[in-house]
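Undergrad: Pasting a predicted model and its sequence here:
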Amino acid sequence: MTNYKNAEALEKLTLGKATRYCSEYNPELLQAVPRSLNRDGLNISDENLPFDGEDVWYGYELSWLNNKGKPVVAVAEFRFSCHSENIVESKSFKLYLNSFNQSKFSSWEDVTLCMEKDLSTTCGSIASVKLFPVDDCPALNINHQFFSGKQTCIDEIDIEVNTYQLAPELLFSTDNNTLARKTVVNEILVSHLLKSNCLITNQPDWASIYIQYSGKEILHKSLLAYLISFRQHNEFHEQCVERIFCDLNKYCQIDELTVFARYTRRGGLDINPYRSNINREAPVGRTLRQ
């Protein structure tokens, strides 16, 4: 359990509480969570982040009315810089999007500009919004190859597991001191076994994770055991990915590192945090589970 679960900044959130749904446009529904809450525990701040990157969200349940009262439906892509002051809390985001249902807008552009303004205000940085017709969203084509090069899925490794609470020390096991660790490699490693739980509601969050790195070879079985140790860990999506990035940096000798998690959707939203010390923008596409 993280040491900020009962932080004052989380007390007023609607997350985990009974909530009335509003179908008329209301930007005040949006709520922010300071990114600093978990970064303080990782000993990082916006001034010394070891990574760049962004959080990419996709909204699958978006609708509004045109000026004649006819419904319009769309798929939305939202991008937030990891340098923004706040995370947009996901339940408030869903309530906000729901508030468009019975609201009239003159054009798709008006909806886009409205959302960009509201989301930028909430996260404290410029947010990007793109709207797509539901039958034409190239950004959501199925893609299991987010990085160029051979990728290795580590899920079939036969290991014994008895740790389901976060254990970063697994990355620095005795096995990691073998001769294999003297080898410098470029690898893309994939696991579909990442599961964590919501910090507030304890609901499960499921993800596929893609790790691209250059440096001393990471023992695959140690990495798999570490990723599985998130199974009963409570933290928001973005915070889990930043923790994985920081732990890999701390316990493994890595020169270049990218961590990209593709979480399954809940309530019409999926969240895809991307952290890298070589590239700023996340690749597009979605996994079969999304």
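TA: Thanks, I have it.
Undergrad: what sits against the nearest residue to N279 once chain neighbours are set aside?
TA: What sits nearest to N279 in space, not counting adjacent residues and going by CB to CB, 6 or more residues apart in numbering, is T258, at 6.5 Å. For the C-beta atoms, the positions are set from N, CA and C on the backbone; glycine is no exception. The contact partners of T258, taken as CB atoms under 8 Å, 6 or more residues apart in numbering, are F147, Y210, I211, Q212, Y213, Y274, R275, S276, N277, I278, N279.
Undergrad: Please verify my assumption that R35 contacts I87.
TA: Yes - in this structure, R35 is within contact of I87 by CB atoms under 8 Å, at 5.9 Å.
Undergrad: got any residues that touch both of the two?
TA: In contact with both R35 and I87: E238, using CB under 8 Å, 6+ apart.
Undergrad: what does stretch 282-290 rub up against?
TA: Applying CB under 8 Å, 6+ apart, the contact partners of stretch 282-290 are 53-54, 56, 58, 79, 138-144, 146-147, 192, 206, 208, 260, 262-265, 270, 272, 274.
Undergrad: Quick check on the residues you listed: which are buried?
TA: 53-54, 56, 58, 79, 140, 146, 192, 206, 208, 260, 262-263, 265, 270, 272, 274 (16 or more other CB atoms under 10 Å).
Undergrad: helix or strand for the closest residue to G149 other than its chain neighbours, which one?
TA: Excluding the flanking residues, the one nearest G149 by CB to CB, 6+ apart is I188, at 5.5 Å. Here I188, judged by DSSP states H and E, is contained in strand 184-197.
Undergrad: In that strand, which of the residues would be classed as buried?
TA: E187, I188, L189, V190, S191, H192, L193, L194, K195, S196, N197.
Undergrad: Surely the last one and H233 touch.
TA: By that I understand N197. Yes - between N197 and H233 a contact is recorded at 6.8 Å, counting by CB under 8 Å.
Undergrad: all helices for this structure, in order.
TA: Along the chain, the stretches classed as helices by DSSP state H are 36-39, 90-98, 108-123, 220-228, 237-251.
Undergrad: got the angle for the third one vs helix 90-98?
TA: Read that as helix 108-123. Between helix 108-123 and helix 90-98, the angle comes out at 150 degrees (axes from the mean of the first three to the mean of the last three CA atoms, to 10 degrees).
Undergrad: can you check the last one too?
TA: Here the directions of helix 237-251 and helix 90-98 differ by 140 degrees (the same axes, to 10 degrees).
Undergrad: List the buried residues for helix 237-251?
TA: Neighbour-count burial for helix 237-251 [16+ other CB under 10 Å]: 237-249, 251.
Undergrad: Can you lay out these as a markdown table showing pLDDT?
TA: Output for these, formatted as a markdown table (pLDDT from 0 to 100):
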| residue | pLDDT |
| --- | --- |
| H237 | 96 |
| E238 | 97 |
| Q239 | 96 |
| C240 | 97 |
| V241 | 98 |
| E242 | 98 |
| R243 | 97 |
| I244 | 98 |
| F245 | 98 |
| C246 | 96 |
| D247 | 96 |
| L248 | 96 |
| N249 | 93 |
| Y251 | 90 |
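Undergrad: That's all I had, so thanks and see you.
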